[in-house]
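**Q** no letters, just coordinates:
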């Protein structure tokens with residue numbers, strides 16, 4: 001016989017971790033998923049799992065926090081601005097009318113040139129006017145004079161005046177030159193009111 005003891009205990013086995021997980025560990029995993037910083041701190045403080053399990057849970061919680069940070073970071077919105085049209089400084093603006101050519105003001109330029117020449121020769125603007133233009137100008141002047149306000153006394157008026165007070169006389173009635181002519185009033189020789197002569 002040899003000196004070995006043949007007594008062995010084949011029924012004894014090494015304990016395995018295949019049983020149900022304790023509730024405290026499940027709560028710690030849930031806490032690590034919901035609040036990763038707090039769950040990780042408790043997990044490492046209490047050493048609830050083996051080192052390999054703690055490292056895996058730490059990596060998963062770190063990835064979760066990074067994803068939450070990316071999703072919750074506000075995205076900058078670009079402000080939409082319409083381009084503003086800007087004319088170059090050296091460009092002159094086109095006339096507003098639709099059908100104008102480059103020589104749209106040729107008549108005005110020719111008139112100004114002709115007027116300058118007449119004035120240089122000692123004439124005035126009426127020298128280059130047509131008869132129709134002269135008649136129209138005369139009619140405008142006539143209407144302006146006939147519609148000018150003048151003054152006269154209320155009773156027994158013989159003259160009309162340019163001002164309400166002429167010398168020592170106060171003229172309280174306002175009328176136009178046309179009305180004064182219809183009443184056969186003559187212009188005052190002292191204050192020289194406007195007069196229209198045909």
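**A** Arrived safely, thanks for sending. As the structure is a prediction and not an experimental result, all values here were calculated from the model.
**Q** give me the most central residue, this structure.
**A** Taking CA atoms, centre = their mean, the centroid of the chain lies closest to residue 84, which sits 10.5 Å from it.
**Q** any idea how far residue 78 is from it?
**A** 17 Å (CB to CB, to the nearest Å). C-beta: built from backbone N, CA, C; applies to glycine.
**Q** wait, residue 160 touches residue 153, no?
**A** No - counting by CB atoms under 8 Å, residue 160 sits too far from residue 153 to count as a contact (9.5 Å).
**Q** joint contacts of these two?
**A** Jointly contacting residue 160 and residue 153 under the rule CB atoms under 8 Å, 6 or more residues apart in numbering are residue 171.
**Q** out of these two, which sits in the busier spot?
**A** Using other CB atoms under 10 Å as the criterion, residue 160 and residue 153 rank with residue 160 on top: 27 against 15.
**Q** name the element that one belongs to?
**A** Here residue 160 sits within strand 159-160, counting by DSSP states H and E.
**Q** list the helices and strands that strand packs on?
**A** strand 149-152, strand 186-187 (3 or more CB pairs under 8 Å, 6 or more residues apart in numbering; DSSP states H and E).
**Q** ok, it: who's next to it in the sheet?
**A** strand 186-187 (parallel) (DSSP bridges).
**Q** from the chain's centre, how far out does the partner strand sit?
**A** Counting by CA atoms, centre = their mean, to the nearest Å, strand 186-187 is centred 60 Å from the centre of its parent chain.
**Q** give the contact list for residue 148.
**A** 176-177, 193-194.
**Q** which of those residues fall in helices?
**A** The helices, defined by DSSP state H, take in residue 177 from the contacts of residue 148.
**Q** most neighbours, which of the contacts of residue 148?
**A** Top of the contacts of residue 148 by neighbour count (other CB under 10 Å): residue 193, with 24 neighbours.
**Q** number of nearby residues for residue 49?
**A** 16.
**Q** ignore the last one, residue 163
**A** Neighbour tally, residue 163, other CB under 10 Å: 13.
**Q** find the residue closest to it in space, skipping its chain neighbours.
**A** Of all residues not flanking residue 163 in the chain, residue 191 sits nearest, at 5.8 Å (CB to CB, 6 or more residues apart in numbering).
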